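1. Need coordinates for the following:
(one chain, ligands or ions: 1)
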Amino acid sequence: MKTLLHEQTPVTEHALNAIAHMPTKSLPMLMNNDFTQGLTDADFMRIAVLLAQKSYDEGGCPIGAVIVNNASNTIVGKGHNTLVQENHPYNHGETSAIRDAGRIDFSRTTIYTSLSPCSVCATLIQMRGFSRVVVGDVTNASGTQDFLKENKVHVDILEDQYGIALYARFRLEKPEQDLEDWQGIRSPN
Ligand SMILES: Nc1ccnc(=O)[nH]1
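-> Prediction:
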């Protein structure tokens, strides 16, 4: 079967945005193995940021995450924060992607998150035995890298300036929503 994204397709922002929006299980219909093999850490991080943008456009918190199988370089889970969209007291970008992936062996996967993980997500990442975390923003938030490293999770910082600017804008526009999401401070509603 010929896919829309293949070995001759350039890796553009439009292509990455289509990947971000397509259900994970349908991705093999969109891109073939050769295209998938060409995706880099920065590309996976940008997909996480485009999921953050999708959440922002829905009125939610702009944080996205992508989980990739280390051996096959394929996306096995992805998602974004749904505090607002699902009226969900605790569904961060990371938990959303982890839930999308399901009960797999996370020790052979990498999670790309558009924002530095909170302590609850860092604990889940450690408990589920992820081999590696790539963090796209340690400018707006930080603090769990040492915990992750102490627990044998490899941490790489790969800042995405688009994601950093988006989160900074959100924090200025909706400071209460940012605090509720980070610290569980009671919703004003
Ligand atoms: N890393 C994160 C911080 C806060 N909220 C999220 O969804 N993710």
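
2. The helix or strand of the chain with the lowest mean pLDDT: how far from the chain's middle?
-> The weakest-scoring helix or strand in the chain, judged by mean pLDDT, DSSP states H and E, is helix 175-183 (a mean of 93). From the chain centre to the centre of helix 175-183 is a distance of 18 Å (Cα atoms, centre = their mean, to the nearest Å).

3. what do you get for stretch 31-47?
-> How far stretch 31-47 lies from its chain's middle: 14 Å, per Cα atoms, centre = their mean.

4. can you tell me if that stretch touches the ligand.
-> No - between stretch 31-47 and the ligand, judged by Cβ under 6 Å from any ligand atom, nothing touches; the nearest distance is 13.2 Å. For every residue, glycine as well, the C-beta is placed using N, CA and C.

5. what residue is smack in the middle of this structure?
-> Nearest to the mean C-alpha position of the chain, by Cα atoms, centre = their mean, lies residue 65 at 0.9 Å.

6. follow-up on the earlier one: the least confident helix or strand of the chain: which residues count as buried?
-> By 16 or more other Cβ atoms under 10 Å, the buried positions in helix 175-183 come out as 177, 178, 180, 181.

7. so residue 56 makes contact with residue 62?
-> Yes - Residue 56 lies in contact with residue 62 (Cβ atoms under 8 Å); the separation is 3.9 Å.

8. Which one's more surrounded, those two?
-> residue 62 (27 against 21; other Cβ atoms under 10 Å).

9. what's near enough to touch that one?
-> Neighbour list for residue 62: 52, 53, 55, 56, 80, 81, 114, 163, 166, 167, 170 [criterion: Cβ atoms under 8 Å, 6 or more residues apart in numbering].

10. so what pLDDT did the residue nearest to the centre of the chain get?
-> Looking at residue 65, its pLDDT is 99.

11. Please apply the same query to the one 10 residues further on.
-> The per-residue pLDDT reported for residue 75 equals 98.

12. Could I get the phi/psi values of it?
-> Backbone torsions for residue 75, taken as degrees, to the nearest 10, come to phi -80, psi 120.

13. How about it: which residues does it bridge to?
-> Per DSSP bridges, the residues bridged to residue 75 are residue 68.

14. circling back: helix/strand/coil for the residue nearest to the centre of the chain?
-> strand (DSSP: H, G, I helix; E, B strand; the rest coil).

15. hang on, isn't residue 112 packed against residue 76?
-> No - using Cβ under 8 Å, residue 112 makes no contact with residue 76, being 11.9 Å away.

16. between the two, what contacts are shared?
-> Overlap of the contact sets of residue 112 and residue 76 (by Cβ under 8 Å, 6+ apart) consists of 67, 68.
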